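Undergrad: fold the stuff below for me.
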Amino acid sequence: MKYLLVSIFSLLLLLFSCEDNTDQDSKISEDELTIVTGINFTDVNGQAVGKTGNPNINSSNSLVLYPNPAQSIIHIATIDDTEYSTWIIPSNKNLKFKDTDYTNVVFDYSDEKLFADNILYKDSITSAISFDITTLPTGYYRSISKSINGELTIINFYKDNAKNQAEVIPFLIEAF
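TA: This is a model prediction of the structure:
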């Protein structure tokens, strides 16, 4: 009898702990703001030159960040004249979500969280903006731009103080 009660309790516990996680799968929480699972590479002219890993980005293709990887200056350009606020957030490589399909993922970060975690910020991009990243340490970063209508565009990038782009890309490909 005791075994039967334990079995029933265990079954009920299992059933209630297997709730539908559909919302969790389609929404990335603010706790995961600093995770980088891959990077799209761009040259000094903003042209795509490859990628590594599975970039956890949300890009409407209305913004491009270049060069990526970078050493001293990054540029963010828009194909239209939409105004953006842009935060640069220090991040870490994390392969926990490397197999996630980011096509339908909703990135929902509050302005308060972005201001709390940012190291660089600029407001109102109308066509292009540049950030001097010379003083930032080598590492992973995320550029998070929010349009005036609230749409987020997220781009991961890597900054290296010692190596040029041709030297860094093979390192990054191996890292992911």
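
Undergrad: do you know how far the residue lying closest to Phe176 once chain neighbours are set aside is from Thr103?
TA: Once flanking residues are discounted, Phe176 sits nearest to Gly53: 3.2 Å by CB to CB, 6 or more residues apart in numbering. To be clear about C-beta, it is placed using only N, CA and C from the backbone, and glycine gets the same treatment. Distance of Gly53 to Thr103, given as CB to CB, to the nearest Å: 16 Å.

Undergrad: okay, the two: which has more neighbours?
TA: Between Gly53 and Thr103, counting by other CB atoms under 10 Å, Gly53 is the more crowded of the two (18 against 7).

Undergrad: list the beta-bridge partners for the more buried one.
TA: Gly38 (DSSP bridges).

Undergrad: before we move on, what about the one 5 residues further on?
TA: In this structure, Asn58 has the following beta-bridge partners (DSSP bridges): Ile154.

Undergrad: can you check the one 10 residues further on too?
TA: Listed by DSSP bridges, the beta-bridge partners for Asn68 are Thr42.

Undergrad: now do Glu167, the pLDDT please.
TA: Predicted confidence (pLDDT) for Glu167: 95.

Undergrad: excluding chain neighbours, what is closest to it?
TA: Residue nearest to Glu167 in three dimensions, not counting chain neighbours: Asp160, with 7.9 Å by CB to CB, 6+ apart.
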